Every structure is written in C-alpha cells, then in structure tokens.
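Colleague: I would like to see how this sequence folds:
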Amino acid sequence: MTSAAAGPTTGTPAISPFRRLVLIPTPTKQCCGFMIGSALFAAGSAPWLGIWMGAANANICYFLGAWFFTGAALIQLLTSGAVTVPVEYAPGQMLRAQWLAASTQFFGTLLFNVSTTAALTAHTTSADDHLVWKPDAGGSVAFLISGIFVLVDYFHGHRRWNPTDAGWWSGLINLLGCIAFGVSAVGAYVMPDGASVDNMLANTCTFIGAVCFFVSSLIVLPQWRSAGR
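Modeller: I've put the predicted structure just below:
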C-alpha cells in the first residue's frame, strides 16, 4: 500500500487531513452517509416521534436525510469501478451489476431530493402529485432496481445461501428496505381530493425502510467489522 503523502523525492504535495476527510470517497463515508440519512428518515416517519414533531419538522428531516443519501450514493458510484466488463459474446462489453446498482441508486436519491425539497413548500394537490409524489415514486422504483442489482452483483462471486457473511445479510436487508419504500410510495399516492391513499401505511413503511437501510450499512461498516474480528 502506498502512502497518500509525498515522498521526499517525488515533489508531490501531501494531502491535508481536511481534504482527505472531505474529498476522498471511502466505504466508511458511504456507510455513515446512508446511516445518517436513514436515521433522519426514521425520525421523520416514526409514529411516536413524527406525530410529536409535526409534518413540517418531519419534512425537514426527510429533506436533510435525502441529501445524506445523495452524498453516500455519489461515493458509492465513484467507487463502483468500471462501467463495463469484457465478455466473450456480442457486443463484447456488458454493464457491471455493481455500477448499475450504484448508478440507479444515485438517480433515485436525486429524485428524493426533488420530492423532499418540494414537500417543504407544496401547498396544492397538483404540486403534491407532480413535485412530491411522482419523484418519490420514481426514486422508490430506482431504489428497488438498485437493490436487485446489489444481489445480482453479490451472487456473481458468492453462494446464494450464505448467512455467515455480513454482505449477504446487507444485500437482503437493503432489498427489504427498498420494497418497504416502494410500498410507502403506494400508500402516499395523492388522490384528487388531496388526501393520501393510506398515510399510516406510508409512514410505517418509510420507517421500516429507513431502519433496514441503517442496519444494512451498519453491518458492513469497515470499522465495525474490523472491531468484531
């Protein structure tokens, strides 16, 4: 392993600790970003907490959480490696499942940014439908596709039944969270009268999905796994 700091003969300036902390993408930053974002989503949707804080504060939690999701997803995309891999059959290149998982998830987080930002100011049924629900539903679909690609990538190099591996659990729990977010989007569908189909279902499944994403990232956190060895 080479050091990031320059040797005495290279003339390359050393990377400051601040720049290393902020600019260099790492799995630890990715996991922590998803965990913070998940915690904020869980806080906004928790039945006993969301009611107490009110819709406005819950929407602020979602808004902030979505940005942590986006930052973590960007790190995941930047560290996902090459877009394609050579194959022996036509057309000679195939998109990598790991890159597809990262790219679709990043796209989904951008849609959540649109949705959670609009939720802070939307006051009409039309705005709730077009600017809040539709991006939220699109982001949930993107997350679900990403969750499937995560497992496809995992199964390329591992057994399909591998409960002793944290990565196996992480992928399955992540997919469960994606499904929960999808169900939440169904419950949050805005009807013509401005009401949601099932607000309790939407909040409950958002909370379940957020907890799943938190656990999925926690169990593969590099420092956590190292400490358990």
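
Colleague: separation between the residue positioned nearest the centre of the chain and F63?
Modeller: The C-alpha lying nearest the average C-alpha coordinate of the chain belongs to F69 (Cα atoms, centre = their mean; 4.9 Å). According to Cβ to Cβ, to the nearest Å, F69 stands 11 Å off from F63. C-beta: built from backbone N, CA, C; applies to glycine.

Colleague: ok, and the helix or strand in the chain with the lowest average confidence?
Modeller: Within the chain, no helix or strand scores below helix 222-227, which has a mean of 58 by mean pLDDT, DSSP states H and E.

Colleague: and the one helix or strand L175 maps to, which residues are buried?
Modeller: L175 is located in helix 166-187, with elements delineated by DSSP states H and E. Within helix 166-187, the residues scored as buried using 16 or more other Cβ atoms under 10 Å are 166-185, 187.

Colleague: what do you get for stretch 147-159?
Modeller: Result for stretch 147-159 [16+ other Cβ under 10 Å]: buried residues 147-151, 153-154.

Colleague: do the same with stretch 24-38
Modeller: 29-38.

Colleague: among those, which ones are in helices?
Modeller: 29-38 (DSSP state H).

Colleague: format those residues as JSON lines; extra columns: distance to M53 and pLDDT.
Modeller: JSON lines is the format used below for these (distance: Cβ to Cβ, whole Å; pLDDT from 0 to 100):
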{"residue": "K29", "distance to M53": "28", "pLDDT": "92"}
{"residue": "Q30", "distance to M53": "28", "pLDDT": "94"}
{"residue": "C31", "distance to M53": "26", "pLDDT": "95"}
{"residue": "C32", "distance to M53": "24", "pLDDT": "95"}
{"residue": "G33", "distance to M53": "23", "pLDDT": "96"}
{"residue": "F34", "distance to M53": "22", "pLDDT": "97"}
{"residue": "M35", "distance to M53": "20", "pLDDT": "97"}
{"residue": "I36", "distance to M53": "17", "pLDDT": "97"}
{"residue": "G37", "distance to M53": "17", "pLDDT": "97"}
{"residue": "S38", "distance to M53": "17", "pLDDT": "97"}
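
Colleague: just these now: which is nearest F214?
Modeller: Closest approach to F214 among those (Cβ to Cβ): S38, at 3.8 Å.

Colleague: for that closest one, what are its contacts?
Modeller: Listed by Cβ atoms under 8 Å, 6 or more residues apart in numbering, the contact set of S38 reads 65, 210-211, 213-214, 217.

Colleague: one more time with 7 Å, if that's ok
Modeller: By Cβ atoms under 7 Å, 6 or more residues apart in numbering, the contact list for S38 reads 210, 213-214.

Colleague: who's in contact with stretch 193-200?
Modeller: Residues contacting stretch 193-200 (Cβ under 7 Å, 6+ apart): 125, 128, 186-191, 202.

Colleague: go again with 8 Å.
Modeller: For stretch 193-200, the external contacting residues (Cβ under 8 Å, 6+ apart) are 47, 125, 128, 186-191, 202.

Colleague: out of these, which is most surrounded?
Modeller: Neighbour tally across those (other Cβ atoms under 10 Å): the maximum, 23 neighbours, falls on A188.

Colleague: quick check: that one touching P135?
Modeller: No - A188 is beyond contact range of P135, at 11.5 Å (criterion: Cβ atoms under 8 Å).

Colleague: distance of H130 from V114?
Modeller: Distance from H130 to V114, by Cβ to Cβ: 10 Å.

Colleague: of these two, who's got more company?
Modeller: Taking other Cβ under 10 Å, H130 and V114 do not tie; V114 has more neighbours (17 against 14).

Colleague: which one is the more buried one nearest to, not counting chain neighbours?
Modeller: Of all residues not flanking V114 in the chain, P135 sits nearest, at 4.1 Å (Cβ to Cβ, 6 or more residues apart in numbering).
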